[in-house]
Each structure stands twice: as C-alpha cells, then as structure tokens.
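Q: sequence unknown, structure follows:
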C-alpha cells in the first residue's frame, strides 16, 4: 500500500470504501503509521508556511520518482519521515518561541497590573474627607482640636498630624481625632498608621465615624491589592442607605 498517498487521500476525504478499510487496519495496528498521519496533518495545517510548499514540491517529485523508477515504499517513507521531522521540528520551535514570548508578555502584564490596579481603584474613588459633612453640628471647644481641624482644612498635613497626636495622647479612643488623624496619615502616605487608626474606630464602634472609617479603610486595602479585606470592609455598607452606598456598589463591582 502506498502509505503516504493513502494518507493524503484520507486528509482530502477521497478514500474509497476498500481504502477506508485498509486505512483503519493500519491505524489500529501500526504506531508508525499513526505518527506519519499526524505529521501529514500538521503539515497541512501549516499551509501558510512557505516551507510547506517547498516540502510539498519535494514530495510530489518523490512520488513521481517512485512511479517512474519503482523505488521501494520503505525508501520513500524514510525520505518523507526526514522531511516531515524537519518541518515538525521547525513548527515546534516556532510554537515554543511564541509561547515563550506570550508567557513573558503575560508575566509583565500581571506584574505591572498587580501594582497599578490597586492604585487606580484608590485614585478613582478617594476624595479628601470634608469636615463639614458631619462635623458642623459636633464641634469641640478645645483650642488644640480647633487648631488641628483648621490645619487639616488648609492641607498643612505635618502640623495637623502633630496636633492630632497631642489629642490622641490624651485620649486614644477619641474617634474624631482618630479619623482625621487617619486621613492626615493617608495624605502623608503613612498608610499603615492610617489603617491602624481607622481599624481602631471600627473596633470601638458606636460612633458616627464608623461608616467613614470603613469606606476609607476599604480604599486603603484596594491600594494595597488586598481585595478580600476591602470586600469585608464594604459589605456592611451595601445594605445600608448611607452617604457611600452608590460608591460602595460601584467599587464592589470592580473588585
């Protein structure tokens, strides 16, 4: 049986009933035949490759030589195996190169975005807390507090931080001072200090600043790519009708 010719006819869908039977028997019994079939199929899939056309011409000449000079089937198969193995090695080499490039690009993308995605979420949702939101009816008479809040409004973060620290040294459970000091820490890029203070407000509870502390703490977790912790902070705010409800749903949809 002309093995390579019957494979080509199989791939072209032109086998006769007798040839189909013979093809099936070879496929079941001959492992080398299966390998040769696979190589033919791969070569056909590489139809856009110039090397394939060159090889195809060589195969046609080999077939003609076989027909005219009655070369043995085994001799032709050896030539075909060498040709297809060469093509197969080239295909595998190109595939390996492609996979290496793809993996490198993907690694770069994941590395780059693991750092910037959290920063982008933070930048999209973070706004400086305005003391007038809830503090207008809850002002203290303490001069240090008033001075600290004034410095906060004027964005004089280092000076404000110093005064908030004085207040917290007197009362470490002052949730208002903890909150504004925490926001000041964010502006000073002291994120771990801010996280500690906002978390302390939540732990203390029973304060009008808990909702705000949850929101800003969630944003800090986003910035640090701690999405699970961010979700935990936001979930209690989802069902509540509060100042952040719409923003919370939007942020959760992006985590």
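A: All right, it came through fine. Bear in mind the structure is a predicted one, so any value in this text is a computation, not a measurement. Residues are numbered from 1 along each chain as shown.
Q: just the helices in the protein please.
A: Here the chain has its helices, by DSSP state H, at 3-12, 17-29, 31-45, 50-69, 73-125, 143-153, 157-170, 175-187, 191-204, 210-223, 227-238, 245-254.
Q: which regions of the stretch 51-200 of the chain sit below the pLDDT cut-off?
A: Residue ranges of the stretch 51-200 of the chain with pLDDT under 70: 51-115, 132-142.
Q: contacting residues for residue 210?
A: 175, 201-202 (CB atoms under 8 Å, 6 or more residues apart in numbering). Every residue, glycine included, has its C-beta placed from N, CA and C.
Q: Residue 119 now?
A: Per CB under 8 Å, 6+ apart, neighbours of residue 119: residue 223.
Q: is it true that residue 251 touches residue 227?
A: No - contact criterion CB atoms under 8 Å: residue 251 and residue 227 do not qualify, at 10.4 Å.
Q: which of the two has more neighbours?
A: Counted by other CB atoms under 10 Å, residue 251 and residue 227 do not tie: residue 251 has more neighbours, with 21 against 16.
Q: nearest spatial neighbour of residue 250, skipping sequence neighbours?
A: The shortest distance from residue 250 to any non-neighbouring residue, by CB to CB, 6 or more residues apart in numbering, is to residue 125 (7.9 Å).
Q: er, residue 167 I mean
A: residue 177 (4.3 Å).
Q: So what's the residue count around that neighbour?
A: Count around residue 177 with other CB under 10 Å applied: 27.
Q: Closest one of the contacts of residue 210 to residue 35?
A: Sorting the contacts of residue 210 by distance to residue 35 puts residue 202 at the head of the list, at 65.9 Å, by CB to CB.
Q: which ones are touching the closest one?
A: Residue 202 neighbours (CB under 8 Å, 6+ apart): 210, 213-214, 217.
Q: For residue 244, what are phi and psi?
A: When read as degrees, to the nearest 10, the backbone of residue 244 gives phi -100, psi 0.
Q: How confident is the prediction for the residue lying closest to it once chain neighbours are set aside, by pLDDT?
A: Of all residues beyond its chain neighbours, the one nearest residue 244 is residue 215 (4.8 Å), with distances taken as CB to CB, 6+ apart. pLDDT recorded at residue 215 is 95.
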